[in-house]
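# Quick one: sequence plus predicted model below, questions after.
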Protein chains: 2
Amino acid sequence: MSDRLIYLPLGGAGEIGMNAYVYGHGKPGKERLILVDLGVTFPDMDTTPGVDLIMADTRWLIENRDRLEAIFITHAHEDHVGAIGRLWSELRVPVYARPFTAHHAQRKMEEAGQNPDEVIAVDPYPEVVEAGPFKVTFVPISHSIPESSGLVIDTPAGRVAHTGDFKIDPAPGVGEAFDEALWKEATGGRVRALMCDSTNVFSPKPGRSESELGSEITKLVSSAPHMVVATTFASNVARVKTLAQAGEAAGRSVCLLGRAMRRMIEASVATGVLEDFPKTVTPEDARDIPRESLMLIVTGSQGERRAATAQLSRGKYLGLEMHEGDMFLFSSKTIPGNERGVIRILNAFSEMGVDIVSDDDRYHVSGHANRPDLERMHRIVGAETVVPMHGEHRHLREHARLARENGYRSIVAVNGSMVDLTGPEPHVVEHVEADRVYLDGSVLIGALDGVVRDRIRMALNGHVIVNVILEDDEPLGEPWVEIMGLPETGGSNAPLVDVLEEDLNQFLMRAADKTLRDDDKLEEELRRIARKSTQDEIGKKPECTVVISRLDG
Amino acid sequence: MSDRLIYLPLGGAGEIGMNAYVYGHGKPGKERLILVDLGVTFPDMDTTPGVDLIMADTRWLIENRDRLEAIFITHAHEDHVGAIGRLWSELRVPVYARPFTAHHAQRKMEEAGQNPDEVIAVDPYPEVVEAGPFKVTFVPISHSIPESSGLVIDTPAGRVAHTGDFKIDPAPGVGEAFDEALWKEATGGRVRALMCDSTNVFSPKPGRSESELGSEITKLVSSAPHMVVATTFASNVARVKTLAQAGEAAGRSVCLLGRAMRRMIEASVATGVLEDFPKTVTPEDARDIPRESLMLIVTGSQGERRAATAQLSRGKYLGLEMHEGDMFLFSSKTIPGNERGVIRILNAFSEMGVDIVSDDDRYHVSGHANRPDLERMHRIVGAETVVPMHGEHRHLREHARLARENGYRSIVAVNGSMVDLTGPEPHVVEHVEADRVYLDGSVLIGALDGVVRDRIRMALNGHVIVNVILEDDEPLGEPWVEIMGLPETGGSNAPLVDVLEEDLNQFLMRAADKTLRDDDKLEEELRRIARKSTQDEIGKKPECTVVISRLDG
């Protein structure tokens, strides 16, 4: 069998988040591998209550880690770098990234108790990193965080290009402008496949440049009579700078609020990607500055409960608070699914009399390439095949359709689909298990372990606990019932626990000896009765835990 | 003291949903009262997991029910009529509505075991209903459900107008067109206050008419090569008719799927508001019709898990299923907060190869008045004061600002704010407790009872159950621990329950007699240890139920 070139998304192809893409080259089943990105995604109450972070399921990679050569990180967003600290110890290969990204990856490693030196900062194109049969070069690309890069990956079986997250921005403010000539040069020659960001495939107009925002935001901030507070993603360093410059131009002192915001700016200055950032004041100093001369730039644009925006919507934060007539600017767009949290904040500010500005056409631009920009990228690279990545299924499918319309081959490859890129047509050769892993407190659990399912069930149905003590297979006293998350009284107007205890006692009094001797049988019956009686009383079938204690003579 | 005219929203002023507005006339504290609307709102997993419906807190009204004269229902949407069955038995006054709305209210009464004859169908303006000092007339208004009405309410202290939900639509398809002359006539003379829908105050362009959709939808349906499925709100009878007519025009058989859809159309025909509805086929017959000649109109536009849309996204529903190349049209807009459920469905359809059309500018129009339409309504009625209702706080505040800009007095009155409309300026005279009531299974519980709070905590933190048996104040055997919704193993790689049982046993062995004799003290200590050990093992502090059983000699 001859060598082949494979592509295997483990995360990011079927959702927007937790990116993790494997490339392989070699004999089938013996390919040498590299991993591009290792990110997280965020939980929600609907499907993952209580979970801290969600990561790609890397079991396949761990099982094959003797074949893994290296990890490459395209940029420092959490959905690309966030899992590196937690999962590195199971992979143990060098991690390559450009300096700003490497800085963040190193911090993730430190936080997880790993050696940050495993992360190696490298220069971009034309510098090449060799990893087994792979020659990889980081090609600068514009996005909403500094030093974002696509990758050009050469193997003996041909070349692929991997855009990472990108937009086509000739003037991104901070970081490199999109350079079409550079991309043409770096991808020149035959390119087998372009793996391409799909996030904004449904946005029909060309994307707008970060540089279009400055004058509008400056106008807005200058017009505000009282304090101005603005929020955006902390990692959008260019936007933070645009906001700070608008504050400065309006004669305001600028204060950054929120740990992520301050860290990100410090890292940007330290790694040299950010210059000329306006002077800022500390929260302590800000308290003494007249409100009309102050501008806060704060974390929490997505309504995150612990971030500065949410804290300010609930009252004081670090001694600062919003007053009637202040302005709050969302220089951001709400990510689908985060609406409830953001709306809660909007209403809390409204109750304070704060004026909210949230026109995401005027005061925000997306960091991802829109449909015409995707088409332009397809043409620049001129690959034989376009493989959509970084999208939900609907984005991947639409992107594949777009590519085909324009004469490219394409394939929808979701997490776990191993695609052979070597033959005349890209095709799926294997399906690998690729679920999700949850960081739950300090423990990693599988999405299908049932732990979170049980939590959801308790949230929907409440929980009944039944305690029975038996001595020599005879009930000792009456059953004892506790409830959590259930109404105290139901249809019969007696306490629910009393009704349950009586019904369970009735059963125990009449139960056959055989039943009383059999733990499984007894538990099953007690559960059945407890659930049915609860259903009769309050119209809900609860989760039920039965504890049988036996005191034997 | 002289008579006064008061307005007291109990629901709908501070959220979009669960509308319930009280008007009163008489001596302060002795006003005779009427209630306008009695609706529900819907739970979400973030704040109300497991709850079935949410209603306004009517305690104040129940305490004052000897002063209540009647209930008026403006239209048949769930957020206006949905709670009438459940809450009527505590109020026991006549319910007035126009026939189509009355039909729905009667069904709600029947479902709750109440006498449907308490709901009285009345004719619109110029017919007047007298209720104590109130003279109330139903003034037809256009909205997204047939026979919607505003109210003109006369009292000895003056007149108020209550828009109910409305849009300004000269050609709503089904139901009465907006009639400016009629509204001028019905509200003519001095109007003290206009209570006005605020839903779309942030939509800057004039609203579009239902009649603009027909040709676009027909074009779309005619162009589809395979089966077409379309969803909208079941209660939007005009839209369902538009969709069905498009199907008919495209030579397709039309089938309605989903109980709410069929019920609503039947009620519309029965009460005479719907004529010329195309002939439909049953789901059984639909199975035998060639797919390219079939159009389904289905429930579930908001992603509701049990509705037809969600069922079809998961596979067969009533023997019908979607295939690759079929078209699914969302003739609807996703209500903020419902995005996650809708996106899940979009991706499930994408995996099936179904083509989704969800352009809410082209295939949907809102049922609520946009900003310029609100201004027009203010001018038509020409009231002294505009009181925004039917909106979150941010909508009410913006609407009040708009009214003031145009020279009207205005006031932001949220749920529980009793406003005196009689004086020179409307002002809040009293705050009434107005929380929320949850229908949980078959039981009504208060939002602040802690039941739902406990469910949320179990969902976030999991649940540990500790069982200890004592005999004569000495531990009998070792503690027994059960967990639900927690990882099975943590940091020490031993089962979590084993670790907890050991730590708890250690404590019991060393516990002072005084502690062992004191249930409260013992429970507190056991809980503290169980939570701390869980935190150490898995990094989460769980909810904890402690059961102490004492066997005394």
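All right, it came through fine.
# Contacts for the helix ranked longest in chain A, please.
Looking across chain A with DSSP state H, the single longest helix is helix A:519-538. Contacts of helix A:519-538 with the rest of the structure, by CB atoms under 8 Å, 6 or more residues apart in numbering or on different chains, involve A:464, A:466, A:468, A:479, A:481, A:486-487, A:490-492, A:496, A:499-500, A:503-504, A:507, A:511, A:514-516, A:540-542, A:544, A:546, A:548, A:550, B:440-443. (Each C-beta comes from the backbone N, C-alpha and C, glycine too.)
# Take those residues and keep only those in strands.
Per DSSP state E, strands hold the following members of these: A:464, A:466, A:468, A:481, A:544, A:546, A:548, A:550, B:440, B:443.
# In the stretch 201-350 of chain A, which residue sits closest to chain B?
Nearest residue of the stretch 201-350 of chain A to chain B, counting by CB to the nearest CB: residue A:350, 4.0 Å away.
# Quick one: residues contacting the residue nearest to residue A:339 when sequence neighbours are not counted.
Spatial nearest neighbour of residue A:339, excluding adjacent residues (CB to CB, 6 or more residues apart in numbering or on different chains): residue B:336 at 4.6 Å. Contacts for residue B:336 (CB under 8 Å, 6+ apart) come out as A:339, A:340, A:343.
# and residue B:336, how far is that from residue B:519?
48 Å (CB to CB, to the nearest Å).
# ok, now residue A:334?
In terms of CB to CB, residue A:334 sits 50 Å off from residue B:519.
# pLDDT value on residue A:337, please?
Residue A:337 is assigned 89 on the pLDDT scale.
# so it sits in a strand?
No. Residue A:337 is assigned coil when assessed by DSSP: H, G, I helix; E, B strand; the rest coil, not a strand.
# Am I right that it is in contact with residue B:339?
Yes. Taking contacts as CB atoms under 8 Å, residue A:337 lies within contact range of residue B:339: 5.6 Å.
# Could you pull up phi and psi at residue A:156?
According to degrees, to the nearest 10, the main-chain angles of residue A:156 amount to phi -60, psi -20.
# Assumed residue A:509 was part of a helix.
Yes. Under three-state DSSP, residue A:509 falls within a helix.
# residues contacting it?
residue A:475.
# ok, now residue A:311?
Listed by CB under 8 Å, 6+ apart, the contact set of residue A:311 reads A:300, A:317.
# Is it within a helix or a strand, and which one?
Using DSSP states H and E, residue A:311 maps to helix A:308-314.
# Distance from the chain centre to that helix, please.
22 Å (CA atoms, centre = their mean, to the nearest Å).
# Buried residues of that helix, list them for me.
Neighbour counts over helix A:308-314 (16 or more other CB atoms under 10 Å in any protein chain shown) mark A:308, A:309, A:310, A:311, A:312, A:313 as buried.
# Could you pull up the residues touching the first one?
Taking CB under 8 Å, 6+ apart as the contact definition, residue A:308 lies against A:231, A:257, A:258, A:261, A:296, A:298, A:299, A:300, A:317.
# Go again with 6 Å.
Shown in contact with residue A:308 (CB atoms under 6 Å, 6 or more residues apart in numbering or on different chains): A:257, A:258, A:298, A:299, A:300, A:317.
# Next, count neighbours for the first one.
Which is residue A:257. A count of neighbours around residue A:257, defined by other CB atoms under 10 Å in any protein chain shown, yields 23.
# That one bridge partners, please.
For residue A:257, the beta-bridge partners are residue A:298 (DSSP bridges).
# Just to check, it is in contact with residue A:296?
Yes. Using CB atoms under 6 Å, residue A:257 is in contact with residue A:296, at 5.3 Å.
# tell me the domain ranges of chain A?
A:4-205+A:366-446, A:214-361, A:462-550 (automatic domain parsing).
# end to end, how far does the last one reach?
Think domain A:462-550. This stretch, domain A:462-550, spans 27 Å end to end (CA to CA, to the nearest Å).
# and if you look at the first one?
When the termini of domain A:4-205+A:366-446 are compared using CA to CA, they are 31 Å apart.
# go on, the second one?
Criterion CA to CA; first-to-last residue distance in domain A:214-361 is 13 Å.
# chain center to that domain: distance?
22 Å.
# With stretch A:361-374 instead?
The answer for stretch A:361-374 is 20 Å, by CA atoms, centre = their mean.
# What about residue A:287, how many residues nearby?
Considering only other CB under 10 Å, residue A:287 is surrounded by 14 other residues.
# Get me the contact residues on the stretch 301-450 of chain A for chain B.
For the stretch 301-450 of chain A, the contact set with chain B under CB under 6 Å from any CB of the partner chain comprises A:336-337, A:339-340, A:343, A:346-347, A:350-351, A:392-394, A:397, A:440-443, A:445.
# Now the residue lying closest to residue A:420 once chain neighbours are set aside. Its backbone dihedrals?
Spatial nearest neighbour of residue A:420, chain neighbours left out: residue A:429 (4.7 Å); criterion: CB to CB, 6+ apart. Phi and psi for residue A:429, reported as degrees, to the nearest 10, are phi -110, psi -20.
# looking at it, residue A:429 is touching residue A:421, isn't it?
No. Here residue A:429 does not reach residue A:421: they are 10.1 Å apart, not a contact under CB under 6 Å.
# More neighbours: which of those two?
Between residue A:429 and residue A:421, counting by other CB under 10 Å, residue A:421 is the more crowded of the two (25 against 15).
# how much space between the closest residue to the more buried one other than its chain neighbours and chain B?
Closest residue to residue A:421 apart from its sequence neighbours, by CB to CB, 6+ apart: residue A:5 at 4.7 Å. Remark: distance between residue A:5 and chain B (CB to the nearest CB, to the nearest Å) = 26 Å.
# Counting by contacts, list what the host helix or strand of residue A:5 packs against.
For residue A:5, the element it lies in under DSSP H and E is strand A:4-11. Packing partners of strand A:4-11 (3 or more CB pairs under 6 Å, 6 or more residues apart in numbering or on different chains; DSSP states H and E): strand A:20-26, strand A:417-420.
# Most tightly packed of these?
Comparing the helices and strands packed on strand A:4-11 by mean neighbour count (mean count of other CB atoms under 10 Å in any protein chain shown), strand A:20-26 ranks first with a mean of 25.
# That one vs strand A:4-11, what angle?
Going by axes from the mean of the first three to the mean of the last three CA atoms, to 10 degrees, strand A:20-26 is angled at 160 degrees with respect to strand A:4-11.
# what's the spacing between strand A:20-26 and its chain's center?
22 Å.
# again, but for stretch A:502-518
The chain centre lies 51 Å from the centre of stretch A:502-518; the measure is CA atoms, centre = their mean.
# and residue A:454, what is it in contact with?
Counting by CB under 6 Å, 6+ apart, residue A:454 touches B:484, B:485.
# Let me know the secondary structure of it.
helix.
# Please read off the pLDDT at it from the model.
98.
# Equivalent analysis for residue A:353, please.
pLDDT, read off for residue A:353, is 97.
# The strand holding residue A:5: what's the following helix or strand?
strand A:13-14.
# now that following strand, how far from the chain's geometric center?
With CA atoms, centre = their mean, you get 13 Å for strand A:13-14.
# just stretch A:419-436 next, same as before
With CA atoms, centre = their mean, you get 24 Å for stretch A:419-436.
# State the mean pLDDT of that stretch.
94.
# Show me which residues of the stretch 451-553 of chain A sit near chain B.
Within reach of chain B by CB under 6 Å from any CB, the stretch 451-553 of chain A has these residues: A:451, A:454-455, A:458-460, A:463, A:465, A:467, A:469, A:482, A:484-485, A:487, A:490, A:538-540, A:545, A:547, A:549.
# Please name the nearest non-neighbouring residue to residue A:314.
Nearest non-adjacent residue to residue A:314 (CB to CB, 6+ apart): residue A:348, at 6.7 Å.
# ok, now which ones touch residue A:356?
Applying CB under 6 Å, 6+ apart, the residues near residue A:356 are A:328, A:346, A:349.
# Most neighbours among the contacts of residue A:308, please name it.
Taking other CB under 10 Å as the neighbour criterion, residue A:300 ranks highest of the contacts of residue A:308 with 28 neighbours.
# With that, I have no additional questions.
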